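Chemist: What follows is a predicted structure for the sequence shown.
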Amino acid sequence: MGDSHTFNTKTLASMFALVDCNNFYASCERVFQPKLRNKPIVVLSNNDGCVIARSNEAKPFIPMGAAAFEYKEIFEREKINVFSSNYALYGDMSNRVMTLLAEFSPDIEVYSIDEAFLKFEGFDAHFDLNEHGKQIRYRVTKGTGIPISVGIAPTKALAKVANKIAKKFSERTGNVYVINTDEQRIKALKWLLIGDVWGVGRQHEKRLEKLGVKTAYDFTLLTEQWVRKNMSVVGVRLLLELQGKSVLEMDVPSSKKNIACTRSFDKNYSDYETISERVATFAVTCAAKLRKQKSCCNAIMIFIHSNYHRKDLPQYSKNIVINLPFPTNSSIELAQFAAIGLKKIFKKGIAYKKAGVIVMNFTPEAIQQTTLFETSNPKHKPIMDVMDSINKSIGKIKIKLASQDPDRTWKMRQEKLSPRYSTRISEAIKIKA
DNA sequence: TCTGGGGTCCTAGGACCC
DNA sequence: TCTGGGGTCCTAGGACCC
């Protein structure tokens, strides 16, 4: 006997599902090497710097963000399989997962590379949400090999909570959990620590704990005024959502408002030539991303950092924002402005470890207005089109500006890179005849 | 020797305008 | 005792996310 007798067949309010991939990067690596099933895996950041993903088996031994060089011995001792990050593979796998998820609702919000919200509407009271979640999980796992968890609830924030429970108690839930009644909601929130709530970071956690707020449930008992004053409207929305009132709608995918390309270097560099080549390349990458979403930027920021882990060396960190005289997405122009900015902030005698370019304040390419005196050079447009099409067909950045190093393909340290199984024919798995 | 790379939203306060 | 009153735009900084 369920409590179905309390419902009739009238349509229920809408429900949200949060679907996310378990240990996504590690799972991607495992898809193509089934012998790694149940084996510990970690994936490293760029330059093989630190750990950014762990399989469940690796979690007891390796904290998130661990510096790879500090854990070398533990990797060996625990026989942990170590991979350099392979974003081409993860991006491709992500697309496959999202495509399958879209079969289950026309209303889907891709929230990150490994997460999506789905909204369900118009089902009746007899509809079995748990069974529906199970079907989603089956479809994705069977179709991609990536294991997922599904949380379903009347609000987005509660769907996040349900998802945590689905994952945490996977043996009992089968990685699917539904919060539907108020009893379930309260029980779940009493279990969830305040610091683990979506939208509560370190700062808010500290303040809330001081106030005696230990769990998500405690939080829902606070007054709206207090939350408003101390956590802004963002906090109020969270409060309402956790109380069961849906205020966060599905976001429509929109163009990016900032685009960044920043990197740590494989080692420290002090010479101007190296840094300026890197910055030019970052600017070119930003320009290409701008053109892809048909935007022009009106400002560009350049920053450089010394290595802040080296307390023994002089520290220096500086950024500069250049407001452009006209909107542009030309690689040539953005590289030029980036060079001007770098000249202003570059200081000699510093060991630089990181630099980046961020473009901001976009206007659509189509309505790019011409100012009276200074305009983006229209001759660049066809050149950029050719650059983009050639680079696209080759698949790697091949056409470069003179300010970029023509000979050297900048190497990240990627000693443990897996093949690009899903994106390169030549590296695809060989199938025996 | 070695420690990631992206993003978003909100608010307060100053500049400026009438 | 007294120093107007709005409004808008912009920016820096804080907080959070994956």
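Modeler: Noted; the coordinates are in hand. All values derive from a computational prediction rather than experimental measurement. Numbering: from 1, shown residues only, chains lettered A, B, ... in the order given.

Chemist: Could you report the neighbour count for the residue in the stretch 101-250 of chain A positioned nearest to DNA strand C?
Modeler: Evaluated by CB to the nearest atom of the strand, the stretch 101-250 of chain A has A:Gly201 as its residue closest to DNA strand C, separated by 2.3 Å. In this view, the C-beta of every residue, glycine as well, is placed from N, C-alpha and C. Residues near A:Gly201, counting by other CB atoms under 10 Å, number 9.

Chemist: Quick check: it vs DNA strand B, distance?
Modeler: Here A:Gly201 is placed at a distance of 10 Å from DNA strand B (CB to the nearest atom of the strand, to the nearest Å).

Chemist: what does A:Ile148 give?
Modeler: Between A:Ile148 and DNA strand B the distance, using CB to the nearest atom of the strand, works out to 20 Å.

Chemist: Spit out the contact partners of that residue.
Modeler: Neighbour list for A:Ile148: A:Val19, A:Asp20, A:Cys21, A:Asn22, A:Val97, A:Ile136, A:Arg137, A:Val140, A:Thr141, A:Asn175 [criterion: CB atoms under 8 Å, 6 or more residues apart in numbering].

Chemist: Also near DNA strand C: which of the residues you listed, exactly?
Modeler: Restricting the contacts of A:Ile148 to those near DNA strand C by CB under 7 Å from any atom of the strand leaves A:Asp20.

Chemist: Put the buried members of the contacts of A:Ile148 into a PyMOL selection.
Modeler: Selecting only the buried entries of the contacts of A:Ile148 in PyMOL, with 16 or more other CB atoms under 10 Å as the criterion:
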select buried, chain A and resi 19+20+21+22+97+136+137+140+141+175
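
Chemist: Which of the contacts of A:Ile148 fall within helices?
Modeler: Using DSSP state H, the members of the contacts of A:Ile148 that fall in helices are A:Val97, A:Ile136, A:Arg137, A:Val140, A:Thr141.

Chemist: Serialize these to CSV and add fields for pLDDT and distance to DNA strand B.
Modeler: Formatted as CSV, the entries for those read as follows, by pLDDT from 0 to 100; distance: CB to the nearest atom of the strand, whole Å:
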residue, pLDDT, distance to DNA strand B
A:Val97, 98, 18
A:Ile136, 98, 25
A:Arg137, 98, 25
A:Val140, 98, 22
A:Thr141, 96, 24
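
Chemist: Is the residue nearest to the spatial centre of chain A bridged to anything, and to what?
Modeler: Note on chain A: the residue nearest the mean C-alpha position is A:Ser112, at 4.9 Å, using CA atoms, centre = their mean. Per DSSP bridges, the residues bridged to A:Ser112 are A:Glu115.
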